[in-house]
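Starting from these lines, generate the structure:
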Amino acid sequence: KLHRKSYDALISSGSEVPGYLPIVRTTDPSGHGSWMAGEECAPGNLVFLELSGCKFGHHAPLMRTAYILKPEETEAPAWLLEAERLIQ
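Take a look at the predicted model:
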């Protein structure tokens, strides 16, 4: 669903058809490849998004990673906060 909604949002916002479809991964956060049948967002998942709007043949890639909190969590786990700290 997230893959379809991302693509729909790109096109409805005025993007031309991009050179590649949005990449949405929840089971393999490396970001390689695109979604796989049956992949779903679930608590505890890292979600990797790579989108690219296109206008006049020029692409504007955007990559983001998000974490879906588990019901018992009030903030991201320590390992994720440490990883974020290391890359800043």
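
For the rest of this, base every contact and every neighbour count on C-alpha atoms.
Fine.

next helix or strand past the helix or strand bottoming out on mean pLDDT in the chain?
The weakest-scoring helix or strand in the chain, judged by mean pLDDT, DSSP states H and E, is strand 23-25 (a mean of 82). Proceeding N to C from strand 23-25, the next assigned helix or strand is strand 46-55, under DSSP states H and E.

and the very next helix or strand once past that following strand with strand 46-55, angle?
Sequence order places strand 58-67 as the next helix or strand after strand 46-55, per DSSP H and E. With axes from the mean of the first three to the mean of the last three Cα atoms, to 10 degrees as the basis, strand 58-67 and strand 46-55 are set at 160 degrees to each other.

which other helices and strands contact strand 58-67?
strand 46-55 (3 or more Cα pairs under 8 Å, 6 or more residues apart in numbering; DSSP states H and E).

Centre-most residue in this protein?
residue 49 (1.6 Å; Cα atoms, centre = their mean).

If that residue is in a bridge, with which residues?
residue 24, residue 64 (DSSP bridges).

now the one 4 residues further on
Beta-bridge partners of residue 53, counted by DSSP bridges, are residue 60.

Tell me if I'm right that it and residue 59 touch.
Yes - taking contacts as Cα atoms under 8 Å, residue 53 lies within contact range of residue 59: 5.7 Å.

Show me whatever sits in contact with both of the two.
residue 18 (Cα atoms under 8 Å, 6 or more residues apart in numbering).

quick one: low-confidence ranges for this protein?
Low-confidence segments of the chain, defined by pLDDT under 70: 28-36.
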